[in-house]
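*Asks:* Next come a sequence and a model predicted from it.
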Amino acid sequence: MTMEALAPPPPASTERTRYLPTIDTEGLTSFIPDGEIWRHLEETGSPDRSQVQDIIAKSLAKSRLDPEEMAVLINTQEPELLEEIFAGARALKERIYGNRIVLFAPLYVGNSCVNDCQYCAFRSSNPKVVRKTLADGELHDEIIALVRKGHKRLIMVYGEHPSYTPEFIADTVRLVYGVKDGNGEIRRVNINAAPLDHAGYRTVKESGIGTYQIFQESYHRETYEQVHPRGLKSNYLWRLFGLTRAMEAGIDDVGIGALLGLADWRFEVMSLLYHTIHLEDRFNVGPHTISFPRIEPALGTAFADRPPNQVSDADFKKLIAIIRLAVPYTGMILTCREPVALRNEALAFGVSQIDAGSSIGIGSYSQDAEAHKKSQFVLGDQRSLDQAIRELCDAGFLPSFCTGCYRVGRTGEHFMEFAVPGFVKRYCTPNAMLTFLEYLQDYASPETVVAGHRRMTAEIKAMPDSESLKGHLLERLDRVRDGERDLFF
Ligand code: SAM
Ligand code: SF4
């Protein structure tokens, strides 16, 4: 008998309660070509009208742009040409995605963290934040509160800590899916957590997650290393390949992102495109979503008040339109970090998913009065879900809580919306209407019911009577009115 066989097995709880990923970055080379990025940005200065117009036309013909073409758009300064970029992005959004806006809420599970990210209130060296991880009962209360507001889609957020094991993450996801309240339930859980090793991703995948999201924060390595001085996150390559590992481990939908304010935004936006190309080359499919949060003020975090490369509103809007044109088939997320007016504008020329009614303290949906002391940063949009929905309707958008594709295994739905002719008309718009009607029946205030039905009537009117789909949809809408739930095409 070998010595190993004689040794007692480790207590089950050790594995369950502590996780340090097996970090292996041997042989990895960054796919962010710094020199090439700067060269593209330098060599495409002062582009002319026809160059810009040709690039917009390529995007409208549903082709992903090349980095050099993105650099041309980034270098466009002339107001008239800029207006063409916005018009192009608007046209692309309208043609491909229509007027639907997918709604979700963030749910912060725990803010313990071993890292020391200079911009984040949860960093280990910040004594001002009260550390808290939701116990099962508290998590249950949060879900009930979210479900009672009408939410169906969540992104669950975790600090990086050995106690947030893949098993822990998977258990919290299963807990969420298990909660039923009246007609309500959460139907899709996305994750924003630390990069894992392959085994870790497989464990989390088994709980039935939607998208796994990791933001690189800064793709500029020197900047990255400066703002992540300690902890697991200080390893640039481990994070850069975090979503490559996720896809290798079988997670179909991944979300990339850059935290704006750290390095030059032009470099970060170009890098998001290189990251997309890396995933396309490896897996034949790019990221499901792209996020581009700007750094917001955070408790006890002077760095976040004056980030070194703050992005102006004008540049922010421009980069949103450019990302829309560069990667036409990728979902774009804009969160409540941003103020209402800017979010409303960005919806028209790029953004496809927003959170609403968000609260980012640990335990803050179920009324923890001290929750702000456990918050990561300060929100720019503090409207309720109901108010945000009413305003979306008034502005001509169709709110959607659809999870249809994910439920029937049509992963990479944004790609299908884009690539399969008629997909949006056949699936997305009807599913948006079915889920929106559920919201109006179960959760909306009287004012929102009025605005919502006005929008639904306009949507139905816009569908040709000749189509059999319209008949099927009207029949299902009647069934929702009669109390059936969770119908989708
Ligand atoms: N701990 C995990 C990580 O760092 O990847 C996941 C959760 S972390 C709370 C989620 C994201 O919040 C980070 O990736 C970062 O981009 C963003 N974030 C951190 N501090 C921020 C701030 N002050 N303003 C805006 N976003 C911030
Ligand atoms: Fe921790 Fe994530 Fe905040 Fe960094 S960004 S301190 S890893 S929670």
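*Replies:* Received it, and whenever you're ready, just let me know what you need. Ligands and ions are numbered 1, 2, ... in the order given.
*Asks:* Excluding chain neighbours, what is closest to residue 171?
*Replies:* Residue nearest to residue 171 in three dimensions, not counting chain neighbours: residue 207, with 7.5 Å by Cβ to Cβ, 6 or more residues apart in numbering. C-beta: built from backbone N, CA, C; applies to glycine.
*Asks:* And residue 268, by the same measure?
*Replies:* Closest to residue 268 by Cβ to Cβ, 6+ apart is residue 258, at 4.0 Å.
*Asks:* thought that neighbour was touching residue 271?
*Replies:* Yes. Contact criterion Cβ atoms under 8 Å: residue 258 and residue 271 qualify, at 6.8 Å.
*Asks:* What parts of the protein come near ligand 1?
*Replies:* Within the chain, the positions near ligand 1 by Cβ under 6 Å from any ligand atom are 119-120, 122, 157-160, 192-194, 214-215, 217, 259, 293, 295-296, 298, 304, 337, 376-377.
*Asks:* and ligand 2, which of these contact it?
*Replies:* Within those, those near ligand 2 by Cβ under 6 Å from any ligand atom are 120, 122, 159-160.
*Asks:* are any of those buried, and which?
*Replies:* In those, burial by neighbour count holds for 120, 122, 159-160, counting by 16 or more other Cβ atoms under 10 Å.
*Asks:* tell me which of these is nearest to ligand 1?
*Replies:* Of all these, residue 120 has the smallest distance to ligand 1: 3.5 Å, by Cβ to the nearest ligand atom.
*Asks:* neighbours around the nearest residue to residue 110 once chain neighbours are set aside, how many?
*Replies:* Distances taken as Cβ to Cβ, 6+ apart put residue 133 closest to residue 110, at 3.3 Å, once the chain neighbours are dropped. Residue 133: 20 surrounding residues under other Cβ atoms under 10 Å.
*Asks:* In the stretch 1-150 of the chain, where is pLDDT below threshold?
*Replies:* Across the stretch 1-150 of the chain, the ranges flagged by pLDDT under 70 are 1-16.
*Asks:* Next to ligand 2, which bits of this protein? Give me the list.
*Replies:* Where proximity means Cβ under 6 Å from any ligand atom, the interface of the chain facing ligand 2 comprises 113, 115, 117, 120, 122-123, 159-160, 233.
*Asks:* Now the two most distant members of those residues.
*Replies:* Farthest pair in the residues of the chain next to ligand 2 (Cβ to Cβ) is 122 and 233. Separation: 11.4 Å.
*Asks:* Now do the helices in the stretch 101-250 of the chain.
*Replies:* Assigned by DSSP state H, counting those that start in this stretch, the helices in the stretch 101-250 of the chain fall at 136-149, 166-178, 198-206, 221-227, 236-240, 242-248.
*Asks:* In JSON lines: those helices, plus mean neighbour count.
*Replies:* JSON lines is the format used below for the helices of the stretch 101-250 of the chain (neighbours: other Cβ atoms under 10 Å):
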{"stretch": "helix 136-149", "mean neighbour count": "18"}
{"stretch": "helix 166-178", "mean neighbour count": "19"}
{"stretch": "helix 198-206", "mean neighbour count": "19"}
{"stretch": "helix 221-227", "mean neighbour count": "16"}
{"stretch": "helix 236-240", "mean neighbour count": "20"}
{"stretch": "helix 242-248", "mean neighbour count": "20"}
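*Asks:* Identify whichever of these lies nearest to residue 60.
*Replies:* Once the helices of the stretch 101-250 of the chain are compared by Cβ to Cβ, helix 242-248 is nearest, at 28.2 Å.
*Asks:* ok, then the element right after the closest one?
*Replies:* Downstream of helix 242-248, the next assigned helix or strand under DSSP states H and E is strand 253-257.
*Asks:* Now do the next helix or strand after that next one against strand 253-257, angle only.
*Replies:* Using DSSP H and E, the helix or strand that follows strand 253-257 in sequence is helix 265-283. Counting by axes from the mean of the first three to the mean of the last three Cα atoms, to 10 degrees, helix 265-283 lies at 160 degrees to strand 253-257.
*Asks:* just use 57 as the starting number from now, easier for me
*Replies:* Let's use 57 as the start, then, which means that last one is helix 321-339.
*Asks:* Buried ones in helix 321-339, by neighbour count?
*Replies:* Buried, per 16+ other Cβ under 10 Å, within helix 321-339: 321-335, 339.
*Asks:* Out of those residues, which is nearest to ligand 1?
*Replies:* Using Cβ to the nearest ligand atom, those come closest to ligand 1 at residue 324, 11.5 Å.
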